[in-house]
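# just coords:
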Ligand code: PHE
């Protein structure tokens, strides 16, 4: 019996030292410490030991059991600790996951810059509906009933139970709405989306954006219009830019002009962007036609004012040297990520 105890002690101690995983630990426990394990079997044999030897052998067995159990317990704790350390280990060599950072669309960036410039000289911001009635889009803007801009070619018409509407073809109808709802003086810009039924190409799209400007007060002069537009162009394109005001026609302004800026790509020498003319057309403007004041209840003898309108896509195309307007609407991230 003594020999068996010694043998078990040696064997169990050796295999305790071999325990590496929690499976090893469980196997050890089953083999030596469980109710049918080797140790329990030795206790079982105690009943066959001669009576006078029992106390001594029993004591030895108890000591062995206590020693194995406490050593096993400490080995098991170590194994468990190692296991949880392994599973929470951070692998610093794994490549990071790429995060995509959103940014403003180039048209939004361009509109923000235009707004910043006009806000800095005292303009407020107004807006109006994209689905308009004929009255605001055309009639109150002094378009004669047979004016070609009302043609099916340019205007998207919308029919509904409450009447006939159009998708606004420009932001100018908001001029009318601002004056209907406010007494002079008014000084606002109106950024917004407009629609035209044109063939889609690199140069034109069925929807685009404009920024309208309107200033009406006592004694507003053409010189103020020129000064404001010049200030805007220098802020937006750079202080070297030159301007050209060309006489033009709009039903709601008189006199009217279109404004060209010197091509900032070639400095006016002529290039692909300015179609070798040295100039780029950027906006339409003029003094508000007195007929328009009649529609909104302003006294044409008391007030005067100017209006202007520019295309945001056009300014963005020029600013970034983009040659196809459709790129703004395709939402291709390879394009958008460049801004
Ligand atoms: N509404 C005109 C257009 O769409 C632009 C414009 C606005 C012209 C204001 C003069 C005054 O082309």
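It's in. Keep in mind it's a predicted model, so treat the numbers as computed, not measured.
# With adjacent residues omitted, what lies nearest to the residue in the stretch 1-150 of the chain that the ligand sits nearest to?
The ligand sits closest to residue 141 of the stretch 1-150 of the chain, with a gap of 8.1 Å, by CB to the nearest ligand atom. Where C-beta positions appear, they are placed from N, C-alpha and C, glycine not excepted. Nearest residue to residue 141, sequence neighbours excluded (CB to CB, 6 or more residues apart in numbering): residue 252, at 4.1 Å.
# Kindly provide the distance from the one you found to the ligand.
Applying CB to the nearest ligand atom, to the nearest Å, the value for residue 252 to the ligand is 6 Å.
# Hmm, residue 307 and that residue touching each other?
Yes - in terms of CB atoms under 8 Å, residue 252 counts as a neighbour of residue 307; the distance is 7.0 Å.
# okay, and the common contacts of the two?
172, 175, 286, 288 (CB atoms under 8 Å, 6 or more residues apart in numbering).
# What is the nearest of those to the ligand?
For the shared contacts of residue 252 and residue 307, the nearest to the ligand is residue 172 (4.2 Å; CB to the nearest ligand atom).
# what residues are up against the residue nearest to that closest one when sequence neighbours are not counted?
If the residues on either side of it in the chain are set aside, residue 172 comes closest to residue 141, at 5.5 Å by CB to CB, 6+ apart. Contacts here follow CB under 8 Å, 6+ apart; on that basis residue 141 touches 172, 173, 175, 176, 251, 252, 292.
# who touches the closest residue to the ligand within the stretch 51-200 of the chain in this structure?
Residue nearest to the ligand within the stretch 51-200 of the chain: residue 170 (3.4 Å; CB to the nearest ligand atom). Counting by CB under 8 Å, 6+ apart, residue 170 makes contact with 137, 194, 210, 212, 309.
# Next to the ligand, which bits of the stretch 51-200 of the chain? Give me the list.
170, 172 (CB under 6 Å from any ligand atom).
# For the stretch 51-200 of the chain, which segments are assigned as helices?
54-87, 106-119, 134-137, 173-181 (DSSP state H, counting those that start in this stretch).
# For my notes, please list the ones you listed in TSV and give mean neighbour count and mean pLDDT for each entry.
What follows is these, written out as TSV (neighbours: other CB atoms under 10 Å; pLDDT from 0 to 100):
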stretch	mean neighbour count	mean pLDDT
helix 54-87	13	90
helix 106-119	17	97
helix 134-137	19	95
helix 173-181	21	98
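# and residue 165, which of these is closest to it?
helix 134-137 (7.8 Å; CB to CB).
# Mind giving me the packing neighbours of the closest one?
In terms of contacts (3 or more CB pairs under 8 Å, 6 or more residues apart in numbering; DSSP states H and E), helix 134-137 is packed against strand 163-167, helix 173-181.
# now these as CSV including distance to residue 52?
Supplementary listing: the helices and strands packed on helix 134-137 in CSV, determined by distance: least, CB to CB, whole Å:
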stretch, distance to residue 52
strand 163-167, 113
helix 173-181, 115
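# On the three-state scheme, the closest residue to the ligand within the stretch 201-339 of the chain is what?
Closest residue of the stretch 201-339 of the chain to the ligand, CB to the nearest ligand atom: residue 309 (2.7 Å). Put simply, residue 309 is strand when judged by DSSP: H, G, I helix; E, B strand; the rest coil.
# wait, it sits on residue 210?
Yes - judged on CB under 8 Å, residue 309 makes contact with residue 210 at a distance of 5.4 Å.
# Identify the contacts common to the two.
170, 171.
# if we can go back for a sec, how about the helices of the stretch 51-200 of the chain in TSV, adding distance to residue 19?
Shown next, in TSV, are the helices of the stretch 51-200 of the chain (distance: least, CB to CB, whole Å):
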stretch	distance to residue 19
helix 54-87	5
helix 106-119	65
helix 134-137	86
helix 173-181	82
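# quick one, which of those helices is nearest to residue 228?
helix 106-119 (8.5 Å).
# Who is residue 210 paired with across the strands?
As for beta bridges, residue 210 partners with residue 192, residue 311 under DSSP bridges.
# How about the contacts made by it?
By CB under 8 Å, 6+ apart, the contact set of residue 210 is 170, 171, 191, 192, 194, 309, 310, 311, 312.
# how about a cut-off of 7 Å?
The neighbours of residue 210, taking CB atoms under 7 Å, 6 or more residues apart in numbering as the test, are 170, 171, 192, 194, 309, 310, 311, 312.
# what sits against the closest residue in space to residue 200 that isn't next to it in sequence?
Among residues not flanking residue 200 along the chain, residue 206 sits closest, at 6.1 Å (CB to CB, 6+ apart). Neighbouring residues of residue 206 by CB under 7 Å, 6+ apart: 195, 196, 197, 198, 200.
# Out of those, which end up buried?
195, 196 (16 or more other CB atoms under 10 Å).
# need the contacts of residue 206 in JSON lines with pLDDT, can you?
Listed next are the contacts of residue 206 as JSON lines, based on pLDDT from 0 to 100:
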{"residue": "195", "pLDDT": "97"}
{"residue": "196", "pLDDT": "95"}
{"residue": "197", "pLDDT": "92"}
{"residue": "198", "pLDDT": "89"}
{"residue": "200", "pLDDT": "92"}
